[in-house]
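[1] What follows is a predicted structure for the sequence shown.
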Amino acid sequence: MFGLDALELARIQFAFTVSAHITFPAFSIGLASYLAVLNGLHFITGQEKYIQVFNYWKTIFAVVFGMGVVSGIVMSYQFGTNWPVFSDKTGPVLGPMLAYEVMSAFFLEAGFLGVMLFGRERVGPGLHLFATSMVAIGTLMSATWILSVNSWMQTPAGFSINDVGQFVPENWFEIVFNPSFPYRLVHMVLAAFLTTALVIGGVGGLHLLRNSSSQNARLMFSMAMWMLITVAPLQIFAGDLHGLNTLKYQPAKIAAMEGHYETHKGGAPLILFGMPDDEAEKTRYAVEIPYLGSLILTHSLTGEIKGLKEFPKDQRPPAAIIFWSFRIMVAIGFAMVGMGLWAVYLRWRGKLYNANLLHMAAMAMGPMGFLAVLAGWVTTEVGRQPWTVYGLLRTVDSVGPLEASAVGSSLVAFVLVYFTLFGSGTFYIMRLMNQTPDRELDIGDLGPTRTAGIVPGPAATLISGEHKNDI
């Protein structure tokens, strides 16, 4: 079907569903922590602006969380329908870890979510803060288990292989805390925080363009800019450590990311741009800086970087894809640092809330965190090819006995349903974000000027024009 075989269609289908799914956790992980911080600041200071912004974003969080749950369920079914060999061979290791994620993290999130969304007036500020914190901790725990599973597939450890070819646990500590897990966890959580900061900054910038004196727009924009300048440099540092770990355990992936086909023993250049050609085994039109590649990857000007020619052709990842996905991710990361520095300069000059150009840039950067996350996952997952369990289980040996027509038909169905369902959900979220943050938001409140549907009482009270302490 479509000129592709069943394996290729199964890979495309999983890539499509996981790409749709990961955007929601990437946002909800950071947003849950943001809500906990807002709730804590209100609890400590008593200032109403914090709880007003909390109520604005908690509605959006509820929608994002729901779509993340729905999109995640679909992927678990694909392990059985499209990848039964993979499920059978890795089940003794990965099955319990995925179960732990559900029993600990998801139950923690789901158990306190209702209290966070609807229980403030019933349980009081203290318990409501506790419930919000539990939801935030639950999202981080969920990320921990999922990243541990993925990291084990990248750097498997703590197992043996039985007589029927299954991976059998031998040391759970080594399985969970496998060699790449700490780096991947930190990198992903920081990416989630930055993704959330860009969205909040974009929404804050939108409302500051409409009304630069908006107290709540100032609050969210200021907090987002502080997050960028604080976390983006940390992410670059964490990415460097992650790269060193990848060089140690997955050198072929690094060679493809850097576009190196030849081994450089006296110092590898950093190829800024080029067109990797796997057939010709060279990077065409390369624009490079001598020795900088070795300096970044080995912290030595003369450090050796293996090229793709050192590996058999059937064990090389496709270089062109991850060469560019990696550069997209890095470029967005440095753009985040640049915007954070810009905001610091304007804050120092007292013009942070009247800088229309910065606010428009924040709006443009709003979705860039999602693009960076997707580019990072493409780099990680495509770079692992041709393996599902690195060096041990090939992708071609992980798929079940499938008909290309069946996989192709389900792929078409997924695309249609996803674009309809999640497209509608995304449109709904954008309508919510379009609402002014200077009045509280209700799930049924969609129109830009509607007041019908707002919960009566304090939830519908308009904020006064006084501007208290902006962060």
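    Thanks, I have it.
[2] all helices of the stretch 301-450 of the chain, in order?
    Assigned by DSSP state H, counting those that start in this stretch, the helices in the stretch 301-450 of the chain fall at 319-348, 356-365, 368-384, 404-434.
[3] How about the secondary structure of the residue sitting furthest away from the middle of the chain?
    Most distant residue from the mean C-alpha position of the chain: D163, 37.9 Å away (Cα atoms, centre = their mean). When classified by DSSP: H, G, I helix; E, B strand; the rest coil, D163 comes out as coil.
[4] what are the phi and psi angles of it?
    Backbone torsions for D163, taken as degrees, to the nearest 10, come to phi -70, psi -20.
[5] one step back: out of the helices of the stretch 301-450 of the chain, which gets nearest to P84?
    Among the helices of the stretch 301-450 of the chain, helix 404-434 comes nearest to P84, with 13.1 Å by Cβ to Cβ. Just so you know, the C-beta spots here come from the backbone N, C-alpha and C atoms, and that holds for glycine as well.
[6] Show me what that closest one packs onto, helices and strands only.
    helix 6-45, helix 48-81, helix 181-210 (3 or more Cβ pairs under 8 Å, 6 or more residues apart in numbering; DSSP states H and E).
[7] again, only using 7 Å
    Helix 404-434 sits against helix 6-45, helix 48-81, with contacts defined as 3 or more Cβ pairs under 7 Å, 6 or more residues apart in numbering; DSSP states H and E.
[8] Got the confidence number for M153?
    pLDDT recorded at M153 is 93.
[9] hey, where'd the strands end up in the stretch 101-250 of the chain?
    For the stretch 101-250 of the chain, the strands defined by DSSP state E, counting those that start in this stretch cover 159-161, 167-169.
[10] for those, which one sits closest to I289?
    Ranked by Cβ to Cβ, the member of those that lies closest to I289 is strand 159-161, at 41.1 Å.
[11] Which positions within that closest one qualify as buried?
    F159 (16 or more other Cβ atoms under 10 Å).
[12] Show residues contacting it.
    For strand 159-161, contacts defined as Cβ atoms under 7 Å, 6 or more residues apart in numbering pick out V93, F167, V168, P169, E170, I175.
[13] and the second one, what are its bridge partners?
    In this entry, F167 is beta-bridged to I161, by DSSP bridges.
[14] list the contacts for it?
    So F167 contacts K89, T90, P92, V93, F159, I161 (Cβ under 7 Å, 6+ apart).
[15] ok, of those residues, which one's closest to T379?
    Closest to T379, out of all of those and judged by Cβ to Cβ, is T90, at 22.1 Å.
[16] does that closest one count as helix, strand or coil?
    T90 - assigned by three-state DSSP - is helix.
[17] Return the residues in contact with it.
    Here T90 is in contact with F167, V389 (criterion: Cβ under 7 Å, 6+ apart).
[18] distance of it from F334?
    As judged by Cβ to Cβ, to the nearest Å, T90 and F334 stand 37 Å apart.
[19] Please report the number of neighbouring residues for the residue nearest to G126 when sequence neighbours are not counted.
    Closest residue to G126 apart from its sequence neighbours, by Cβ to Cβ, 6 or more residues apart in numbering: F43 at 7.2 Å. For F43, the neighbour count with other Cβ atoms under 10 Å is 15.
[20] can you map out the helices along the stretch 151-300 of the chain?
    With DSSP H, counting those that start in this stretch as the criterion, the stretch 151-300 of the chain has helices at 172-176, 181-210, 215-249, 251-258, 292-298.
[21] Minimum distance to G111: which of those has it?
    Among the helices of the stretch 151-300 of the chain, if distance is taken as Cβ to Cβ, the winner is helix 181-210, at 21.3 Å.
[22] So for that closest one, what gets flagged as buried?
    Neighbour-count burial for helix 181-210 [16+ other Cβ under 10 Å]: 181-208.
[23] Likewise for stretch 373-387?
    For stretch 373-387, the neighbour count (16+ other Cβ under 10 Å) marks 373-385, 387 as buried.
[24] related to what we said a few turns ago, redo the helices of the stretch 151-300 of the chain as JSON lines? Include mean pLDDT.
    Listed next are the helices of the stretch 151-300 of the chain as JSON lines, based on pLDDT from 0 to 100:
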{"stretch": "helix 172-176", "mean pLDDT": "93"}
{"stretch": "helix 181-210", "mean pLDDT": "93"}
{"stretch": "helix 215-249", "mean pLDDT": "92"}
{"stretch": "helix 251-258", "mean pLDDT": "91"}
{"stretch": "helix 292-298", "mean pLDDT": "86"}
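[25] And those: which comes nearest L4?
    Nearest of those (Cβ to Cβ): helix 251-258, 22.4 Å.
[26] What is the closest one packed up against?
    Under the contact criterion of 3+ Cβ pairs under 7 Å, 6+ apart, helix 251-258 touches helix 215-249, helix 319-348, helix 368-384.
[27] angle of that helix against helix 215-249?
    Computed by axes from the mean of the first three to the mean of the last three Cα atoms, to 10 degrees, the angle separating helix 251-258 from helix 215-249 equals 130 degrees.
[28] Please enumerate residues in contact with helix 251-258?
    246-247, 271, 293, 297, 305-308, 311, 315-317, 319, 322-323, 326, 379, 383-384.
[29] try 6 Å this time
    246-247, 293, 306-308, 311, 316-317, 319, 322, 326, 383 (Cβ atoms under 6 Å, 6 or more residues apart in numbering).
[30] nearest to A131, of these?
    Among these, and counting by Cβ to Cβ, the member closest to A131 is T246, at 38.4 Å.
[31] before we move on, which element is the closest residue to S76 other than its chain neighbours in?
    Closest residue in space to S76, ignoring its immediate chain neighbours: L98 at 7.9 Å, by Cβ to Cβ, 6+ apart. Secondary structure from DSSP states H and E places L98 in helix 84-100.
[32] and that helix with helix 48-81, angle?
    150 degrees.
[33] Flag every buried residue along helix 84-100.
    P84, V85, F86, S87, D88, K89, T90, V93, L94, M97, L98, Y100.
[34] Go ahead and confirm A404 touches A6.
    Yes - contact criterion Cβ atoms under 6 Å: A404 and A6 qualify, at 4.4 Å.
[35] picking that back up, M153 is nearest to which of the helices of the stretch 301-450 of the chain?
    Proximity to M153 (Cβ to Cβ) singles out helix 368-384 among these, at 7.2 Å.
[36] Check which helices and strands the closest one sits against.
    helix 6-45, helix 181-210, helix 319-348 (3 or more Cβ pairs under 6 Å, 6 or more residues apart in numbering; DSSP states H and E).
[37] Tell me how many other residues surround the closest residue to Q78 other than its chain neighbours.
    Once flanking residues are discounted, Q78 sits nearest to F14: 5.7 Å by Cβ to Cβ, 6+ apart. Counted by other Cβ under 10 Å, the residues lying close to F14 total 18.
[38] circling back to that earlier point, pick the most deeply packed of the helices and strands packed on helix 404-434.
    helix 6-45 (a mean of 21; mean count of other Cβ atoms under 10 Å).
[39] between that helix and helix 368-384, how many degrees?
    140 degrees.
[40] tell me what helix 6-45 is packed against?
    Counting by 3+ Cβ pairs under 6 Å, 6+ apart, helix 6-45 packs on helix 48-81, helix 120-154, helix 181-210, helix 368-384, helix 404-434.
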